[in-house]
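Colleague: just need the structure, nothing else, for what follows:
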Amino acid sequence: MTQMNNQQVRVIDPILTTHAQGYRHQTHVGIALFPRAPVAVSGGQILEFGKEAFRLYNARRTPGSSTKRVQYGHAGKPFALVQDALEGMVPREHMRDASQVPGINLGQRAVNNTMGSLSLTLEVEQAELARNPDNYDNDHKVDLASSQWTDDNNNPCKDIRTGQEAVRESIGMDANTLLLSAKGFAAMRENPYVLDRFKHTSKDSITAAMIAALLDIDKVEVGKAVSADANDKFSDVWGTDAILAYVAPPGGDNSADAAEPSYGYTYTMDGHPLVEEAYYDNNVKSWIYPVTYERRPVLSGITAGYLMRNVG
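Modeller: Below is the predicted model:
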């Protein structure tokens, strides 16, 4: 008898899976640098992009002549998706009628709580990739420990413009995303150079959208997530850094095409995250909602990014 594989055994809850795939935690912003890109296999090679992806080609041809062929991206470093899995619980005591299966709202609540934990794990991995100076060449990173934005003599807009120019010179396109750590955002919005730019236009607190307009950049995200170590010591996931990048915009299904040049992607198995059908566990007297998320954040065009360390 042929043994069934995991996909054949698994019974998916389509409603809650769709809900899980649309889940976004308000303080988790790593997806802005690493948009979701579906893949059909759990391992392979990262599709990386060099300057040739942005090169100006002579596409003109004469009648009867050969047409030039171009290929964007090349097989780079290997990747292997990792699989995270947790089970959300709905205790029987939370239900009005213990004989009934939990309604969709209780199921969504269990999935939300589970996805919050899975999303934080991914956020930490994305931040570790983006904040690692070893992933950048010397032209695409700067350490501002001696000239932080908390010092009134330093101008954050100038530092960011330097990064924008480094990205433009490398790939021929403007950076469209700025991710500020919470401390970096706090330092920037209180910096006198920034405050001076808004003194005649607004009395409100400076927002991320206002900074985006000031810098003429499509998106500014603020990384507010914190995580705890084994000793329950909390720290900012994005530290005191800022990352500027050109990121491929997602499509209609909120996913991006891994074949398009971009700073990074979150390679995600097709159909993930997925929620299996709930089952009842007599031992804990609860309904259980298993959630599985197979994915891996990758850097695909590192010259499309610029790292500013210790800005806050």
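Colleague: when you work out contacts or count neighbours from here on, use the C-alpha atoms and nothing else.
Modeller: Will do.
Colleague: average pLDDT for stretch 196-207, rounded please.
Modeller: Mean per-residue pLDDT for stretch 196-207: 83.
Colleague: buried sites along that stretch?
Modeller: Across stretch 196-207, burial judged by 16 or more other CA atoms under 10 Å covers 198, 206.
Colleague: where does the stretch 1-150 of the chain dip in pLDDT?
Modeller: Counting by pLDDT under 70, the stretch 1-150 of the chain shows low-confidence ranges at 1-10, 50-59, 68-75, 96-101.
Colleague: strands of that one, start to end?
Modeller: Taking DSSP state E, counting those that start in this stretch as the test, the strands found in the stretch 1-150 of the chain are 36-39, 43-48, 74-80, 82-91, 141-143.
Colleague: how about the ones you listed in JSON lines, adding mean neighbour count?
Modeller: Shown next, in JSON lines, are those (neighbours: other CA atoms under 10 Å):
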{"stretch": "strand 36-39", "mean neighbour count": "21"}
{"stretch": "strand 43-48", "mean neighbour count": "18"}
{"stretch": "strand 74-80", "mean neighbour count": "14"}
{"stretch": "strand 82-91", "mean neighbour count": "18"}
{"stretch": "strand 141-143", "mean neighbour count": "18"}
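Colleague: tell me which of the ones you listed sits nearest to Ser227.
Modeller: strand 82-91 (17.1 Å; CA to CA).
Colleague: can you spell out which helices and strands pack onto the longest helix anywhere in the chain?
Modeller: Secondary structure of the chain per DSSP state H: the longest helix is helix 104-131. Counting contacts by 3 or more CA pairs under 8 Å, 6 or more residues apart in numbering; DSSP states H and E, helix 104-131 packs against helix 14-21, strand 82-91, strand 286-299, strand 305-309.
Colleague: buried ones in it?
Modeller: Neighbour-count burial for helix 104-131 flags 106-108, 110-112, 114-116, 118-120, 122-127, 130-131 (criterion: 16+ other CA under 10 Å).
Colleague: check stretch 19-33 too.
Modeller: Buried, per 16+ other CA under 10 Å, within stretch 19-33: 19-21, 28-33.
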